[in-house]
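Engineer: Requesting a structural model of the entry that follows:
(3 chains)
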Amino acid sequence: MKDSLIDIKNLVKHFDISGGLLEQLAVSKGRVIRKRTVVRAVNDVSLFVNPGETLSVVGESGCGKSTLARTLLGLYPPNGGEIYYRGERIDGLTQHEMLPYRAKMQMIFQDPYASLNPRMTVQQTLEEPVVFHNPSISGSEVKDRVAGVMQQVGVDPTWVDRYPHEFSGGQRQRISIARALMVDPEFVVADEPVSALDVSVQAQILNLLMDAQEQRGLTYLFITHDLSVVRHISSRVAVMYLGRVCELAPTTNLFESPRHPYTRALLSAIPDLYDRRHKYIKLKGEVPTPIDLPPGCVFNGRCPHADGRCSREIPALVHQGSEIYVACHAVEEGRI
Amino acid sequence: MGHLLEVKDLEVKFALRMGDLTAINGVSFTLDRGERLGLVGESGAGKSVTGFAIINLISKPGYISGGSVIFDDRDLTGLTGEGMRHIRGNLISMIFQDPMMTLNPVLTIGTQMVETLQAHMNISRKDAEHIALEKLRMVQIPSPEKRLQQYPHEFSGGMRQRIVVAIALLADPALIIADEPTTALDVTIQAEIMELLLELCKSEGTGLILITHDLAVVSQVTQKIAVMYAGKIVEAGLTEDIIDNPLHPYTQGLIKALPDGRNPGTRLNQIPGVMPSLIDIPPGCSFHPRCTIRGDICRYESPALREIPGYRNMAACHMLGLKKEPTEKDRAE
Amino acid sequence: MKQWKRFKDSYFLHSFKHDRVAIASFVVLLTLILLSILAPAIAPHNPYDTSSIDIMDAEIPPSWMEEGNPDFILGTDIQGRDLLSTMLYGMRLSVMIGCGAVALQAIIGIFIGMISGYMGGKVDAFLMRIADVQLSFSTLMVAIMISAIFQVAFGVGRYEELAVPLLVLIIGLAEWPQYARTVRASVLGEKNKEYVEAARVIGLSSRRIRWRHILPNTMSPVLVISTIQVANAVMSEAALSFLGLGMPVTKPSLGSLINSGFEYIFSGSWWITLFPGILLVVFVLVINLLGDWLRDVLNPKLYKG
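Structural biologist: Numbering: from 1, shown residues only, chains lettered A, B, ... in the order given. So this is what the prediction gives:
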């Protein structure tokens, strides 16, 4: 995509958990074979993120959204595909070559208890990224920046010398956000930033994220399983299932007229506060694991509309008009 | 016949080195046979502790310091270990959040189910297995005969939680207490499990206390709701009344804080501050520091749960009913 | 100033003040260590000064018994050295060897454990196999091998001069796998935590992440096993000396005193073995008690934070 901030093309990420040679050996049909166990977390994903927007990636456990986020940020080397930042290729760079991008791309994590180093004070946690990327910065300037960002995220700046365990879950999440903002990034990946928080705290943190986006012109990639949050804050949504993107569409389109059968089932399963006799679409069968992917469309075992083609051929993500992309044979053929 | 369960002024304290902290401060509610109640609140409100207190599973340093739990005309708080054992798993079952923690990983499903039955009734292994199969079919587990021989790790998360529901139903209990049963599950599985629980409670006439922070889930399954805050019930009533017409400022704040997709991109309603921890519960009404309609009396007198004139809900608030509060419906019109 | 205030308010200090066993053990330990440091100043005699030792003074019983000599409070050993002075100097040697050996074990073990845990894969497998091999050699075998080689190569005289560093080396090398395994287990747990991922997203080098971020979070179990390892090291040295592979006769540690006195128990000179034995037991006991208390205090399940 032209002018996109992030461009992901055909990204593949697998984890080989076969173990050592001894663990791989197994007996099958009277012969000794080598069993490989590969978790196919991300399979041929293509996405783009426009500057200033919030793209949410949703899906249930095992869909690969967290792996996608981490591969995007270079925490895992991809097995295939390309990643571009403002048109420049960033996968496969050395640690040294990645440094300038690291200041532009940051991440916020899910668990407010594990995302801060328990042995470092707030001051130490927040100043480290700044000092690392700006070695010539003066001590007083760092202190001012730290105090400034703490204020922005709503944590009392006089608490800089405290340790994480002295703060509540919501406050720790604010400090995590502060850490990400310290280097003045352009792009922030938020991996389930509010899932571990109570409803009232969740509202505070979401508001904070929206404020920060407005004030700093940030672009967000929001990973979550909570569709109501998605509806509230995203401009576009990508729905993932077992390592593939099923549907990618602007938020209103996705929620008002979902096309992919999985998206429809997913949306119908969200309990609605006011519609209390709500019926949901039942999916048959069990969720396959990313280790044992079915042939053809990953959803074909559970899809109410699957036919022969679906069990043989993997559907491609096809543009249906108005920025809506769907990977489904039935939609493409006009069956549904 | 009286209520199936009547909890009256229940108090639970924790004896810590800095003194006794009150986790539950006078909780009262009733449940009739086959009725479904949602106990809703954020973390730290005391809803799980309430659930555990009902079946006397509070372990040291916690203890029940007051009140009564009358189940089928018997006060459970007075029962000893042996007496309680007869109740638990038999007349009252409990379902927990994480099935991997509830199911013993080294025993087959069959063994765990048979063991549960044999603990409560004099029954042969064969008969117990028969009942186990029946329950597995009730929770729609395919090929149950094969499943009895399998271990928990051989099932997916959703299947495991179904098995946990099946175990809870083994002795045909009169009441099931479910503590966050679907919080750890994906939303599509959550929908299946909640529907299953709802159908089974309806068909078997089993009472249900659903403990959760998720108001939306509660709205689909329960008939009554009690909202808890800092160890007290602040509002109680019929599900539709609580959701469509919440009276207590906390309940209102909670509902407004939920992103509902109707006003995307706007700032969500925040309740300022956080729920107080057990150590610093404010005097008077425990919600008053965060409340938008507080008055002077709220600072030093704790409000009791009472009927609010003109409404069906009960709420613990001094300021309600003094002047007629504009409701959600009024404001929307 | 801030650190001191934080320490004063901490749970650590609070728990200590309330645990009488911990306080008593700490006091005793501190006394023993002080005595050993001040040995040259407070010992009535200098047991290493061969000119002051008279073989005619050998095997004098403690001063409160008949035949005792007020000059030698606890009696003398088989060489005529004052037992109390020799014990104080011996305690000093035991403390030095104990702490020195543990320091060596810790340095080697922490380094290997960290690299092994963080890098995983083949590096981990290789290093842990080396640790396994090391563990299969008992301290005794390592001692015999190294002492024998050294004595053959450099002569017995040199051996006596370098006995202390040699023992530190032997015991340090024999036991580093304990530290390596402990640290490796901690590192495996910590390296997947999100604060480590955050550090990588910032762009920090692996080296910085290992030593600045992960290491401080592995220190709790290291502290706990250190107390036990000091006790073990002292015991190992005592055992080696008992077997004649440790400290030489001219510079006895508590262990060698116990050893040399052992043959003389039946001839009636029980004090040569008993008093050093009691001192050794007390020393090891208070270290273990403190170690127990430390383990409970640092247990994350009991102590939130």
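Engineer: okay, CA-based contacts and neighbour counts for the rest of this
Structural biologist: Noted.
Engineer: Tell me which residue lies nearest the centroid of chain B.
Structural biologist: B:I211 (2.3 Å; Cα atoms, centre = their mean).
Engineer: Next one, pLDDT for the closest residue to chain C within the stretch 151-300 of chain A please.
Structural biologist: Nearest residue of the stretch 151-300 of chain A to chain C (Cα to the nearest Cα) works out as A:H165 at 5.6 Å. For A:H165, the pLDDT comes out at 86.
Engineer: so when I look at it, I'm seeing a helix, right?
Structural biologist: Yes - counting by DSSP: H, G, I helix; E, B strand; the rest coil, A:H165 is located in a helix.
Engineer: and it, how many neighbours does it have?
Structural biologist: For A:H165, the count of nearby residues is 16 (other Cα atoms under 10 Å in any protein chain shown).
Engineer: I'd like the distance between the residue nearest to the centre of chain B and B:A230.
Structural biologist: Distance of B:I211 to B:A230, given as Cα to Cα, to the nearest Å: 15 Å.
Engineer: quick one, helices of chain B?
Structural biologist: B:47-54, B:81-87, B:99-102, B:109-120, B:125-138, B:144-147, B:157-169, B:187-204, B:215-221, B:239-244, B:249-257, B:297-300, B:328-332 (DSSP state H).
Engineer: Low-confidence bits of chain C, can you list those?
Structural biologist: Scanning chain C for pLDDT under 70 picks out C:1-3, C:5-12, C:299-305.
Engineer: and the next element down the chain from the longest helix along it?
Structural biologist: In chain C, assigned by DSSP H, the helix with the most residues is helix C:83-119. Next in sequence after helix C:83-119, counting helices and strands by DSSP states H and E, comes helix C:121-136.
Engineer: what's the offset of that following helix from the middle of its chain?
Structural biologist: 25 Å (Cα atoms, centre = their mean, to the nearest Å).
Engineer: Now do the residue nearest the centre of chain A, the pLDDT please.
Structural biologist: Geometric centre of chain A, nearest residue: A:I223, 3.5 Å, by Cα atoms, centre = their mean. A:I223 carries a pLDDT value of 94.
Engineer: Could you do B:P276 as well?
Structural biologist: For B:P276, the predicted pLDDT is 85.
Engineer: ok, now the one 5 residues further on?
Structural biologist: Per-residue confidence for B:I281 comes out at a pLDDT of 87.
Engineer: quick one: contacts for it?
Structural biologist: The contact partners of B:I281, taken as Cα atoms under 8 Å, 6 or more residues apart in numbering or on different chains, are B:A230.
Engineer: Distance check, it against B:K13.
Structural biologist: Counting by Cα to Cα - B:I281 and B:K13 are separated by 13 Å.
Engineer: do A:T71 as well
Structural biologist: From A:T71 to B:K13 the distance is 48 Å (Cα to Cα).
Engineer: right, and A:Q204 touches B:V274 too?
Structural biologist: No - with contact defined as Cα atoms under 8 Å, A:Q204 does not reach B:V274; the gap is 10.3 Å.
Engineer: who has more neighbours, these two?
Structural biologist: A:Q204 (22 against 14).
Engineer: Please name the nearest non-neighbouring residue to the more buried one.
Structural biologist: B:Q270 (5.8 Å; Cα to Cα, 6 or more residues apart in numbering or on different chains).
Engineer: got a list of what that neighbour touches?
Structural biologist: Neighbours of B:Q270 in contact, by Cα under 8 Å, 6+ apart: A:S200, A:V201, A:A203, A:Q204, B:G253, B:A257.
Engineer: follow-up on the earlier one: columns distance to C:S15, mean pLDDT and mean neighbour count on top of the helices of chain B, output as a markdown table?
Structural biologist: Output for the helices of chain B, formatted as a markdown table (distance: least, Cα to Cα, whole Å; pLDDT from 0 to 100; neighbours: other Cα atoms under 10 Å in any protein chain shown):
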| stretch | distance to C:S15 | mean pLDDT | mean neighbour count |
| --- | --- | --- | --- |
| helix B:47-54 | 28 | 91 | 22 |
| helix B:81-87 | 33 | 82 | 13 |
| helix B:99-102 | 32 | 80 | 15 |
| helix B:109-120 | 42 | 90 | 19 |
| helix B:125-138 | 50 | 91 | 18 |
| helix B:144-147 | 50 | 88 | 16 |
| helix B:157-169 | 41 | 88 | 24 |
| helix B:187-204 | 45 | 88 | 18 |
| helix B:215-221 | 42 | 90 | 23 |
| helix B:239-244 | 47 | 92 | 20 |
| helix B:249-257 | 39 | 90 | 20 |
| helix B:297-300 | 36 | 89 | 16 |
| helix B:328-332 | 53 | 50 | 9 |
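Engineer: Now do the strands in the stretch 101-250 of chain A.
Structural biologist: Secondary structure of the stretch 101-250 of chain A (DSSP state E, counting those that start in this stretch): strands at A:105-108, A:187-191, A:219-224, A:236-241, A:244-250.
Engineer: want to throw those strands into CSV with distance to A:T54?
Structural biologist: Formatted as CSV, the strands of the stretch 101-250 of chain A follow (distance: least, Cα to Cα, whole Å):
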stretch, distance to A:T54
strand A:105-108, 14
strand A:187-191, 10
strand A:219-224, 5
strand A:236-241, 7
strand A:244-250, 10
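Engineer: which one of those lies closest to B:A226?
Structural biologist: strand A:219-224 (28.9 Å; Cα to Cα).
Engineer: In PDB, could you pull the C-alpha coordinates for the closest one?
Structural biologist: Taking C-alpha atoms only, strand A:219-224 is exported to PDB below (Å, rounded to 0.1, in the frame of the first residue of the first chain):
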ATOM      1  CA  THR A 219      -0.700   5.000  15.000                       C
ATOM      2  CA  TYR A 220      -1.900   1.900  16.900                       C
ATOM      3  CA  LEU A 221      -2.000  -1.800  16.200                       C
ATOM      4  CA  PHE A 222      -4.400  -3.000  18.900                       C
ATOM      5  CA  ILE A 223      -4.500  -6.700  19.700                       C
ATOM      6  CA  THR A 224      -7.500  -7.900  21.600                       C
END
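Engineer: quick one: buried residues of the longest helix of chain C?
Structural biologist: C:83-118 (16 or more other Cα atoms under 10 Å in any protein chain shown).
Engineer: was I right about C:L245 contacting C:V142?
Structural biologist: No - counting by Cα under 8 Å, C:L245 sits too far from C:V142 to count as a contact (10.8 Å).
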